[in-house]
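Q: how would this look folded up:
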Amino acid sequence: MYYTYVPPNYGHRMPDRQNNQQQGVITVTGVGTVIVSPSIGRIQLVVSTMDDSLQTAQDENARRMNQVLDVLQQIGVPREQIETTSFSARPIYNYQDGSQTLQGYEVRNEITVVTENINEIGEIIDRATENGANEVVSIEFSVDNPENFYIEALNFALSDAQRKAESLAEEVGAKLNPIPLKINEQTTSNGVGPAQVFKMASTPIEPGNQSVEAKVEVQYRI
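A: Residues are numbered from 1 along each chain as shown. Model prediction:
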């Protein structure tokens with residue numbers, strides 16, 4: 001008798017050559033940018049006083065700072081938008097020929113003024129410096145809810161990636177599956193954070209525009 005051996009079928013279909021072939025993949029990078037006008041200004045102002053007497057330097061500093069605070073409220077800056085950033089009182093020494101001589105004391109009081117009216121920054125600086133502030137440390141511009149602008153830039157980046165993939169697929173005569181296989185969000189150098197500029201006290205102050213950029217790497221099947 002002759003027996004023919006047939007391997008058992010466990011429900012697995014033998015893969016055919018066509019199904020076993022790896023499908024093509026296109027990888028592209030999309031970039032999206034949104035130009036934003038700053039909506040928030042932060043001004044760092046300093047009242048610095050010096051005197052041979054620490055008490056006198058502190059009293060003078062307090063008097064001048066109160067003048068600054070009063071004038072800021074007069075031009076419409078609410079007190080809750082003014083924050084004390086730092087305060088220090090220290091001796092000042094003169095070093096010569098290996099010895100030190102006490103020159104006096106410096107009292108330094110720094111405040112940060114926040115305003116949502118960019119156009120009033122110049123007036124804030126001018127009025128503050130006319131009434132006791134003697135240093136403008138920095139002016140920082142930023143936008144309100146920057147994450148909203150980043151989401152918008154991210155959508156632009158995805159659209160840019162799809163346009164690039166469609167162009168490449170057409171170039172090689174392939175059909176693009178518009179549903180991405182993989183999306184990688186990439187960090188950008190400029191990010192979403194506030195742009196910092198440093199200016200001396202003068203008017204007008206021009207904040208300029210900020211760019212919010214998003215970048216994605218996307219894979220498509222063809």
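
Q: rest of the way, CA atoms for contacts and neighbours
A: Fine.

Q: ok, what's across the strand from residue 141?
A: Residue 141 forms beta bridges with residue 41, residue 195, as assigned by DSSP bridges.

Q: Distance of it relative to residue 123?
A: 16 Å (C-alpha to C-alpha, to the nearest Å).

Q: okay, these two: which has more neighbours?
A: More crowded of residue 141 and residue 123, by other C-alpha atoms under 10 Å: residue 141, with 25 against 17.

Q: isn't the more buried one right next to residue 37, touching?
A: No: taking contacts as C-alpha atoms under 8 Å, residue 141 lies outside contact range of residue 37: 9.4 Å.

Q: Any buried residues in stretch 35-44, and which?
A: For stretch 35-44, the neighbour count (16 or more other C-alpha atoms under 10 Å) marks 38, 39, 40, 41, 42, 43, 44 as buried.

Q: Contacts made by it with the rest, please.
A: 110-118, 121, 125, 136-144, 149, 207-212 (C-alpha atoms under 8 Å, 6 or more residues apart in numbering).

Q: one more time with 6 Å, if that's ok
A: Applying C-alpha atoms under 6 Å, 6 or more residues apart in numbering, the external contacts of stretch 35-44 come out as 111-116, 136-143, 209-211.

Q: Would you list the buried entries among those?
A: Applying 16+ other C-alpha under 10 Å to those flags 111-116, 136-143, 210-211 as buried.

Q: quick one, domains of this structure?
A: 24-38+145-221, 44-137 (automatic domain parsing).

Q: secondary structure element for the residue nearest to residue 135 when sequence neighbours are not counted?
A: Closest residue to residue 135 apart from its sequence neighbours, by C-alpha to C-alpha, 6 or more residues apart in numbering: residue 46 at 5.0 Å. Assigned by DSSP states H and E, residue 46 belongs to strand 40-51.

Q: Downstream of that strand, the next helix or strand is which one?
A: With DSSP H and E, the next secondary element past strand 40-51 is helix 54-74.

Q: Could you identify the helix or strand that succeeds that next one?
A: strand 82-96.

Q: who does that next one pair up with?
A: Here strand 82-96 has these sheet partners by DSSP bridges: strand 99-115 (antiparallel).

Q: what about the helix or strand where residue 31 lies, distance to the chain center?
A: Element membership of residue 31, judged by DSSP H and E, is strand 25-36. With C-alpha atoms, centre = their mean, to the nearest Å as the basis, strand 25-36 stands 19 Å off its chain's centre.

Q: cool, stretch 142-156 as well?
A: On the basis of C-alpha atoms, centre = their mean, stretch 142-156 sits 11 Å off its chain's mean C-alpha point.

Q: and if you look at stretch 116-125?
A: 21 Å.

Q: From the contact counts, what lies against the helix or strand that contains residue 163?
A: Per DSSP H and E, residue 163 falls inside helix 146-171. Using 3 or more C-alpha pairs under 6 Å, 6 or more residues apart in numbering; DSSP states H and E, the elements in contact with helix 146-171 are strand 25-36, strand 210-221.
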